[in-house]
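Engineer: quick check, what structure comes out for this input:
(chains A and B)
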Amino acid sequence: MIVRELELDLDAFEGPFDLLLTLVLKEELDLVDVDVAGIVLRFVERLAEYRRMKEAAGWLRERLGGEGDRFFRLGLAPLAPQPERKLAPQDPDGLAQVLRLLAVAPPEVSLSHMTLHFPPVVQFLERFRALLRRRSVFDFDQEMEGSTRQEQAVAFLALLELRRANQITISQPAPFAPIRIARMEESGATDERTTAWKLRSA
Amino acid sequence: MEAPLRLVVANPLDRLARTLEALLVVASAPLSLEELCAATEEEQERVETALGLLAERYGEGRSGIVLEHVAGGWAFRASRDAAEACARLFERPVQRGISQAAMETLAIVAYLGPCTRPEIARIRGVAADSAVAGLVERGLIAEAGRGPDGSGGAVRYRVTPLFERVFGLESLSQLPRLDDLGDDVDAIRERLHAVAAQRTA
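Structural biologist: Numbering: from 1, shown residues only, chains lettered A, B, ... in the order given. You can find the predicted model right below:
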């Protein structure tokens, strides 16, 4: 039993006994104001509680002495059985029907959308050449509107082919902006435009 | 012509007693009346009567196996006559001695449990950590959740069914009442009040 840890709740003071003692010694608290009888009572109560437990411990020890020759099975209890899962009433015909559905071969999955059809480049070469005979300038995006991605890709190859043959110039003011195609003039301006193209593509 | 073989039908209560016997032999901890009723699908009254039959059959001095009402249930244990032989082959549940500190801690948990380590330390005046840890290891006390929010959520402890079994208690109500052990607080309080009254007079 440690006296200085005794918790007090008095009119003039609330806290552990050793704090009270410190305050009294420092003369910050007048001993006249302190309920000494209250402290004594609290202390006796604590002491009595401990004494009761000590006596209870004595009783337990005596009991253990008398019951020391008790032998019994110790160990893990056998596992409790798992609750049985009850099935809902079953209809054999329904089951057969479902199984029959499972036995049917599934419809063949079409892979047609995965096959790519590329039209010949020549088709676009001729188309663009014809177009350029009528017009000196056209927008690639506008011209190819409504065509598939494959057609657009092949058409672009055709453009590159025409460019290589120095028959057109290709320009695009900004990324993703419309691509403009212009007929290459037969004059000396060709060199200039070619340079411009080369710079742009660099 | 031969008469058909007639099976001897056992007394139904005797049959129930045999079933209970079987359940208790398989169990490794005391079985409560409710558990026995649930397992046998029988009325409580009939199970109690059958247990009475068994208790008579498995009494101390009559049988090597003794039926006892302990830790809130029914369980078989070895007879005391056989304790010496048992001790040669098996360790007792509490073989090693229990220290005074551990016994006091055990008493506090048995009487005041569920209680926290700080509460035990407050009564004993010294830290209870190692005593609590030792008792937990022996299986005599176990964690019983955490204290209310005000207590800082410290782990609380209570005694286990093994405690009751080791100490041969039917339940914790068999512990002696603490009031019988110390009346002096009231006596001292009365004397102090008497002194105070004299002073003010």
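Engineer: give me the element A:Gln152 is part of.
Structural biologist: Per DSSP states H and E, A:Gln152 falls inside helix A:149-164.
Engineer: ok, B:Arg77 next?
Structural biologist: strand B:73-78.
Engineer: near chain B, anything from stretch A:26-33?
Structural biologist: No: on the criterion C-beta under 8 Å from any C-beta of the partner chain, stretch A:26-33 is out of touch with chain B, staying 13.0 Å away. C-beta: built from backbone N, CA, C; applies to glycine.
Engineer: and that stretch, how far out from the chain's middle?
Structural biologist: Chain-centre distance of stretch A:26-33: 64 Å, with C-alpha atoms, centre = their mean, to the nearest Å.
Engineer: what's the span of that stretch, first residue to last?
Structural biologist: The first residue of stretch A:26-33 is 15 Å away from its last residue (C-alpha to C-alpha, to the nearest Å).
Engineer: I'd like the average pLDDT over it.
Structural biologist: Averaging pLDDT along stretch A:26-33 gives 70.
Engineer: ok, stretch A:126-133 next?
Structural biologist: Averaged over stretch A:126-133, pLDDT sits at 91.
Engineer: can you check stretch A:56-69 too?
Structural biologist: Here the average pLDDT along stretch A:56-69 is 86.
Engineer: swap in stretch B:144-163?
Structural biologist: The average pLDDT within stretch B:144-163 is 81.
Engineer: ok, back up a step: following the helix holding A:Gln152, which helix or strand comes up?
Structural biologist: Going down the chain from helix A:149-164, the next helix or strand is strand A:168-171, by DSSP H and E.
Engineer: how about that next one: buried residues?
Structural biologist: A:168-170 (16 or more other C-beta atoms under 10 Å in any protein chain shown).
Engineer: buried stuff in the helix holding A:Gln152?
Structural biologist: The neighbour-count check on helix A:149-164 (16+ other C-beta under 10 Å) flags A:151, A:154-156, A:158-159, A:161-163 as buried.
Engineer: just give me the neighbour total for A:Met174.
Structural biologist: Quick fix: residue A:174 is Ala, not Met. A:Ala174: 6 surrounding residues under other C-beta atoms under 10 Å in any protein chain shown.
Engineer: quick one, grab the pLDDT at it.
Structural biologist: A:Ala174 carries a pLDDT value of 89.
Engineer: and it, what does it touch?
Structural biologist: Contacts for A:Ala174 (C-beta atoms under 8 Å, 6 or more residues apart in numbering or on different chains) come out as none.
Engineer: and the helix holding A:Gln152, what does it pack onto?
Structural biologist: Contacts defined by 3 or more C-beta pairs under 8 Å, 6 or more residues apart in numbering or on different chains; DSSP states H and E place helix A:149-164 against helix A:121-134, helix A:140-143, strand A:168-171.
Engineer: 10 Å - rerun?
Structural biologist: Using 3 or more C-beta pairs under 10 Å, 6 or more residues apart in numbering or on different chains; DSSP states H and E, the elements in contact with helix A:149-164 are helix A:121-134, helix A:140-143, strand A:168-171, strand A:180-183, helix A:189-201.
Engineer: what about B:Met103, how many neighbours?
Structural biologist: The number of residues packed near B:Met103 is 22, by other C-beta under 10 Å.
Engineer: residue contacts, it?
Structural biologist: When the contact criterion is C-beta atoms under 10 Å, 6 or more residues apart in numbering or on different chains, the partners of B:Met103 are A:53-54, A:56-61, A:64, B:97, B:131, B:135.
Engineer: could you dump the helix or strand harbouring it to PDB, C-alpha only?
Structural biologist: Per DSSP H and E: B:Met103 is located in helix B:100-112. Extracted C-alpha coordinates of helix B:100-112, given in PDB (Å, rounded to 0.1, in the frame of the first residue of the first chain):
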ATOM      1  CA  GLN B 100       1.400 -14.200  -3.100                       C
ATOM      2  CA  ALA B 101       1.200 -11.300  -5.600                       C
ATOM      3  CA  ALA B 102      -0.500 -13.600  -8.200                       C
ATOM      4  CA  MET B 103      -2.900 -14.900  -5.600                       C
ATOM      5  CA  GLU B 104      -3.900 -11.400  -4.500                       C
ATOM      6  CA  THR B 105      -4.300 -10.400  -8.100                       C
ATOM      7  CA  LEU B 106      -6.400 -13.500  -8.700                       C
ATOM      8  CA  ALA B 107      -8.600 -12.600  -5.700                       C
ATOM      9  CA  ILE B 108      -9.100  -9.100  -7.000                       C
ATOM     10  CA  VAL B 109     -10.100 -10.300 -10.500                       C
ATOM     11  CA  ALA B 110     -12.400 -12.900  -9.000                       C
ATOM     12  CA  TYR B 111     -14.200 -10.500  -6.700                       C
ATOM     13  CA  LEU B 112     -14.100  -7.200  -8.700                       C
END
